[in-house]
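A.B. asks: Provide a 3D model corresponding to the input given below.
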Amino acid sequence: MGQRLSVALKVVLANGWAAQHQVDHAVAKALSGAHDHEGVGRFLVDNKVISRDQAVELEEVLKHQVHFPTYQLQRKVGSGGMGTVFLASHLDSGRQVALKTMNARLEEDKDFIGRFHREAKALGKVKHPNIAEIIDSGESQGHCWLAMEFIDGPSLMSLLKDYRVLPEAYALRLARQVAEGLGHVWATAHLVHRDLKPENILVIRNRGGGGDLFPADDVAKLIDFGLVKGEDKDDRLTQTGMTIGTPLYMSPEQVRGEVLDCRSDVYGLGSTLYHLLTGFTPFTGTSPGSIMSAHLTEPVPDPGDRVPSLHKETRELVMMAMAKDAKNRFLTFEGMVKAIDGALASCGSKGNGTLRLLRKPLVLNKPQTKKQPGSDRVAKPADAPAGEPGQDSGSARPTTRRVSDRIAKPDPGPGLGGADALARIATDRMARKDPTPPIPASPTAAKPAGSGTSSTIERSKVFDEDPNAKLGVGILPWIVLGFAVVGLVLWLLLSA
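C.D. replies: This is a model prediction of the structure:
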């Protein structure tokens, strides 16, 4: 009890769950023997040192502590498909590390454990400022573990939860750093990460007092190489990795269980960048299967449809990184870095400037489609990407023009202006009272009947009333006004 209490109180102090005087009181009571032997957690709860929830976490830390005699576990950082991560300190050096333990299910797979050790040693030789350093790895009492550099900073997913989207130049700078790190890992160790996502990219915030919300000197650190995979052709290992990947950012070839190379990580980084820029993942669905199917079959949505202010180079960069066929993507990370530099130049920043967030980027929700009157077909929104349902495959572009619910801007069409434009506006307004079908937006938009496309215009609500109609309230107000005038005149005569 005494030894376990000593270890437990170190964890309590490291987490800030209790003050030093509370710990000293608990130690004194334990030495006096005035306690039962039902467990350290129960003892600390009864003496009001920690809460019941903290006691549960404490017991989990103590349960794993016995497997790591050279480390002092301090607190649980998180858990995932691969295992549990603890903040720990090395007893000899005192260095803080993120200690990751493997799940029992994975520890039963001897082939996976062997590959894990081989690749952990290979990653231990990789040194790059944008890759979390692998410090040590091993196996203790049948439990595999991995000690890596501890990053004291938020993940990109945390930033997305706080701000919904990230500024374009800031997101590009961080993506550039990750691309450089992945390129270095591929060149030196020939390993594929396979699980790129905002949760696995941490940010070291370097706010030097400048007040910038997204400073230019923030550093991205890629973590969780527990899913790394060498360029082998073991189909069973590929299937094992696929089941523990993240479908929201998974490349098509990973979904199919094919042999992977660095271009799969290019796709994952492109998917991650799409999320950072728009606040939405490229594809969504009600199940992992539907999302993976979308990665295989559905066209990649243009991020500019969500955020119209994105520069052309940024949009093309994301679309190329997420090409369905790996041959059409960036073949190397060096090529992707050059493309990011070009996009940063368009943003007016090459990665060494200062960015201040003045306002949130305009993010458009996905437009809703609705059926045309008298037809079973669904009209495709004007800003929907080509190839999506609702667009006639035989037309070069949709002819339905979306108009604001607040105001409609007349389109005079080519060669029209002055009196002709005013005549078109009057005609368009008079059409509100005419039951005949609405006129085309312009002469070029008109299509013959049966052409397979719609030429209707969605009317603005501001023109629901006829602007030429004269307003009136009848003769009654005039009668009342007349009596009032007569009464006023009689009162003046009598008073005189």
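
A.B. asks: Point out where the stretch 101-250 of the chain drops to low pLDDT.
C.D. replies: Flagging of the stretch 101-250 of the chain using pLDDT under 70 yields the residue ranges 207-211, 226-245.

A.B. asks: for it, what spans make up the helices?
C.D. replies: With DSSP state H, counting those that start in this stretch as the criterion, the stretch 101-250 of the chain has helices at 104-107, 110-124, 156-163, 168-189, 235-243.

A.B. asks: Which one of those helices lies nearest to residue 337?
C.D. replies: The closest of those to residue 337 is helix 168-189. By CB to CB, the value is 5.2 Å. For glycine as for every other residue, the C-beta is placed from the backbone atoms N, C-alpha and C.

A.B. asks: what's that closest one packed up against?
C.D. replies: When contacts are defined as 3 or more CB pairs under 8 Å, 6 or more residues apart in numbering; DSSP states H and E, helix 168-189 sits against helix 110-124, strand 201-204, strand 219-222, helix 262-278, helix 333-346.

A.B. asks: for the ones you listed, which one ends up most surrounded?
C.D. replies: helix 262-278 (a mean of 26; mean count of other CB atoms under 10 Å).

A.B. asks: Can you work out which other helices and strands pack against the helix or strand just after it?
C.D. replies: Of the helices and strands lying after helix 262-278 in sequence (DSSP states H and E), the nearest is helix 288-297. With contacts taken as 3+ CB pairs under 8 Å, 6+ apart, helix 288-297 sits against helix 252-255.

A.B. asks: Give me the secondary structure label for residue 68.
C.D. replies: Under DSSP: H, G, I helix; E, B strand; the rest coil, residue 68 falls in the coil class.

A.B. asks: so it touches residue 138, yeah?
C.D. replies: No - with contacts defined as CB atoms under 8 Å, residue 68 does not count as touching residue 138, sitting 9.2 Å away.

A.B. asks: overlap in contacts of these two?
C.D. replies: Counting by CB atoms under 8 Å, 6 or more residues apart in numbering, the shared contacts of residue 68 and residue 138 are residue 145.

A.B. asks: show me what contacts residue 166?
C.D. replies: Residue 166 sits in contact with 156, 159-160, 174, 214, 276-277, where contact means CB under 8 Å, 6+ apart.

A.B. asks: If we use 10 Å, what do you get?
C.D. replies: 156, 159-160, 172-174, 198, 214, 273, 275-279, 355, 357, 361 (CB atoms under 10 Å, 6 or more residues apart in numbering).

A.B. asks: same deal with residue 65?
C.D. replies: Neighbours of residue 65 in contact, by CB under 10 Å, 6+ apart: 4, 7-8, 10-11, 71-73, 86, 88.

A.B. asks: rewinding a little: more neighbours: residue 68 and residue 138, which one.
C.D. replies: residue 68 (21 against 13; other CB atoms under 10 Å).

A.B. asks: wouldn't the more buried one be in contact with residue 100 here?
C.D. replies: No - using CB atoms under 10 Å, residue 68 makes no contact with residue 100, being 11.2 Å away.

A.B. asks: Give me the common contacts of these two.
C.D. replies: What both residue 68 and residue 100 touch, as defined by CB under 10 Å, 6+ apart, is the set 86, 88, 145, 147.

A.B. asks: ok, so of those, who is nearest residue 108?
C.D. replies: Closest to residue 108, out of all of these and judged by CB to CB, is residue 145, at 15.9 Å.

A.B. asks: contacting residues for the closest residue to the closest one other than its chain neighbours?
C.D. replies: Nearest residue to residue 145, sequence neighbours excluded (CB to CB, 6 or more residues apart in numbering): residue 101, at 5.1 Å. Residues in contact with residue 101 (CB under 10 Å, 6+ apart) are 64, 67-68, 73, 79, 82-86, 107, 140, 143-146.

A.B. asks: mind running it again at 7 Å?
C.D. replies: By CB atoms under 7 Å, 6 or more residues apart in numbering, the contact set of residue 101 is 64, 83-84, 143, 145.

A.B. asks: Quick check on residue 125: phi, psi?
C.D. replies: Backbone dihedrals for residue 125, given as degrees, to the nearest 10, come out at phi -90, psi -10.

A.B. asks: do the same with residue 50
C.D. replies: Taking degrees, to the nearest 10 as the convention, residue 50 sits at phi -140, psi 170.

A.B. asks: separation between it and residue 76?
C.D. replies: Using CB to CB, to the nearest Å, we find residue 50 at a distance of 14 Å from residue 76.

A.B. asks: In terms of neighbours, single out the busier of the two.
C.D. replies: Taking neighbours as other CB under 10 Å, residue 50 and residue 76 compare with residue 50 leading, 23 against 17.

A.B. asks: Help me confirm that residue 88 is found in a helix?
C.D. replies: No - read with three-state DSSP, residue 88 is strand and lies in no helix.

A.B. asks: Tell me how many other residues crowd it.
C.D. replies: Count around residue 88 with other CB under 10 Å applied: 27.

A.B. asks: Assess the claim that it and residue 73 are in contact.
C.D. replies: Yes - Residue 88 is in contact with residue 73 according to CB atoms under 7 Å; the separation is 4.9 Å.

A.B. asks: Between these two, which contacts overlap?
C.D. replies: With CB under 7 Å, 6+ apart, residue 88 and residue 73 have common neighbours residue 99.

A.B. asks: Can you read off the backbone torsions of residue 477?
C.D. replies: Dihedral angles for residue 477 - degrees, to the nearest 10 - are phi -60, psi -30.

A.B. asks: can you tell me how far the residue nearest to residue 330 when sequence neighbours are not counted sits from residue 222?
C.D. replies: Nearest in space to residue 330, with sequence neighbours left out and distances taken as CB to CB, 6+ apart, is residue 336 at 4.1 Å. When distance is defined by CB to CB, residue 336 is 14 Å away from residue 222.
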